[in-house]
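Peer 1: Okay, structure incoming, though there's no sequence with it:
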C-alpha cells in the first residue's frame, strides 16, 4: 500500500460512516443474550448476520461453526502470501438487560442520543467487531487488504467461553496466525488511547447453604435454628479481613508483588481517585490501602458477591425462616493463579469456617486464567503508531480488571499473542442499563484500525 491508498481508505471510511453506523444498529437490534436459552434463535441470527456481512466483503471460507453451545463465526482472506496473518477476535453475544425499567431507551432499539448510540452490546462488543469490519471494508474498496486476516467471532464470551477452548484445540491448523487483534479491552478516556497488556482471570461460583428440611415459622423456631440466610451472610463476611484482603487459604500464594517499574507504569495512568468516585457514585473507595485504585483493579485479585437469594422476596411481609440461601460469587484472578486451585481454596475455606448447624454446596460455573501480553511484538508496535497517528499522543499501556478468556486460551493452546485495545469508554455502562458507544471515538477507532493494517 502507498500513502495515497492509506488516505483513500481513510476518506472512504469517512464518506461511509452512516453506512457503518446502520450496520452496527442492525447487529445491536438482535438480542443475542447468550446466558438465556430463550434467545438461542437470536444467537443464531446474530451469527448468520456476521457471516453474511463477511461474505459480502469478499472474505472466503466463511462458516457458522457449531460448538458445545453457541456457534463460532469463522472466515479468512489469505490473498497476500508472505505478509502477516492477523486473527481478528470478537464476540457477538451480550449480557441480559435487567433491570429493564432503568433503561432510557429500549435495550435493543439502537437509538442515537446526542453523540452516543444506546443499546445492549453497542460497546461490549458489537461496536468493536463492526469497527474492524468497517476498516477492512474501507481498505478492500480502495486497493485491497495489505495483510492476511482470519476471523474468530464467538457467541459465549459473556458466559465465560465454556466451549471455546475445545473448539480452538480442534481447529489449531485453521487458526494459525502471527498474532490476534482483540478490540475488547477499551480506552481509559476519549482522549486517552490505550493498549491493554494484562487481563485478570475469572473463577465463578454458586454457594448454597441448607438448614431445615423446609421453610419454618420464625416465631416457632427462631432462636433454636441457625438461619441459612444468616449463616450465608456470616460466611461471605468472613471471606475478607478488615483490610480488604481475601481469606481463602493459600489464595495469595502465587500472587506476585508489583515491581517498582510496574508501580511507575500505574502511576502514569490518568485516572485519579476522584475520577473513580465520579464513575462509581460511591461515597468512598474500598480495598487494599497499600495499592492505588488502578493497581487494585488491574493487578490484584478480588472476591465479589453478585447476588443473594433466600426466603420470601415478594411484596409485604412473611415471617419465614428459610430452608436455604444461595449466593453467586466470582474471583478475578491475576497471573499464575489457577481457577481450579481457587475452587479448592474456596472449598477448604468453607470446610474450616462453616458451622455444623448447616450444610453447604459449592459449584464452579466457569473459569479462565489471567494473561500478560508481550509488548514487544510487531502488532503492538503497529497499533501504537496507529493510535498516535489518530489521537496525536503516545497511547497508555494498562492492565485491565476484566477477563477475556480467549487471550489466555490462544497463548496456551496456539502460542499466539494478542494485541488488546478497543474504543469503548469507562462510562459506557458495560453490563448495566443504558450501555452506550461514543460515536466520535468509535469513528476515530475505525480510522486507527486502517492505519494499523497499513502499518503492518
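Peer 2: Looks like it arrived, so ask away. This one's a predicted model, so the numbers in the text were calculated from it and none came from an experiment. Numbers count the residues shown, from 1 in each chain.
Peer 1: So which bits of stretch 112-119 are buried?
Peer 2: Neighbour counts over stretch 112-119 (16 or more other Cβ atoms under 10 Å) mark 116, 117, 118, 119 as buried. C-beta here means a position set from N, CA and C on the backbone, and glycine is covered the same way.
Peer 1: again with stretch 86-101
Peer 2: Going by neighbour count (16+ other Cβ under 10 Å), the buried part of stretch 86-101 is 86, 87, 88, 89, 90, 91, 92, 93, 94, 95, 96, 97.
Peer 1: Quick one: mean pLDDT over that stretch.
Peer 2: Here stretch 86-101 scores 97 as its mean pLDDT.
Peer 1: And this structure, split by domain according to the record?
Peer 2: Listed by automatic domain parsing, the domain ranges of the chain are 3-199+370-455, 202-253+301-367, 256-298.
Peer 1: Can you say which of the ones you listed is packed in most?
Peer 2: Of the domains of the chain, the one with the most neighbours on average (mean count of other Cβ atoms under 10 Å) is domain 3-199+370-455, at a mean of 20.
Peer 1: Give me the distance from stretch 250-266 to the chain's centre.
Peer 2: With Cα atoms, centre = their mean, to the nearest Å as the basis, stretch 250-266 stands 22 Å off its chain's centre.
Peer 1: What are the contacting residues of it?
Peer 2: The contact list for stretch 250-266 (Cβ atoms under 8 Å, 6 or more residues apart in numbering) reads 245-246, 291-292, 294-295, 298-301, 334-338, 341-342, 345, 348, 397, 399.
Peer 1: Take those and keep only those in strands.
Peer 2: Of the contacts of stretch 250-266, the ones assigned to strands by DSSP state E are 397, 399.
Peer 1: any idea how far residue 408 is from residue 241?
Peer 2: Using Cβ to Cβ, to the nearest Å, one gets 29 Å for the distance from residue 241 to residue 408.
Peer 1: ok so, going back, and which of the buried residues of stretch 86-101 is nearest residue 137?
Peer 2: In terms of Cβ to Cβ, no member of the buried residues of stretch 86-101 lies closer to residue 137 than residue 88, at 13.1 Å.
Peer 1: name the element the closest one belongs to?
Peer 2: Element membership for residue 88 (DSSP states H and E) is strand 85-91.
Peer 1: can you check residue 209 too?
Peer 2: When elements are assigned from DSSP H and E, residue 209 belongs to strand 201-210.
Peer 1: Direction included, what does that strand pair against?
Peer 2: strand 324-333 (antiparallel), strand 359-368 (antiparallel) (DSSP bridges).
Peer 1: Can I get those in CSV including mean pLDDT?
Peer 2: Output for those, formatted as CSV (pLDDT from 0 to 100):
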stretch, mean pLDDT
strand 324-333, 97
strand 359-368, 92
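Peer 1: can you list the ones you listed in JSON lines and add distance to residue 228?
Peer 2: Below are the strands paired with strand 201-210 laid out as JSON lines (distance: least, Cβ to Cβ, whole Å):
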{"stretch": "strand 324-333", "distance to residue 228": "4"}
{"stretch": "strand 359-368", "distance to residue 228": "9"}
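Peer 1: nearest to residue 129, of the ones you listed?
Peer 2: Residue 129 sits nearest to strand 359-368 of all these, at 20.3 Å, using Cβ to Cβ.
Peer 1: Would you mind pulling the contact partners of the closest one?
Peer 2: By Cβ under 8 Å, 6+ apart, the list of residues contacting strand 359-368 from outside reads 159-162, 201-211, 235, 339-340, 342-343, 346-347, 350, 354, 403, 405, 408-409.
Peer 1: if you go through the stretch 51-200 of the chain in chain order, where are the strands?
Peer 2: Assigned by DSSP state E, counting those that start in this stretch, the stretch 51-200 of the chain shows strands spanning 60-65, 72-77, 85-91, 111-113, 116-118, 148-154, 179-182, 194-199.
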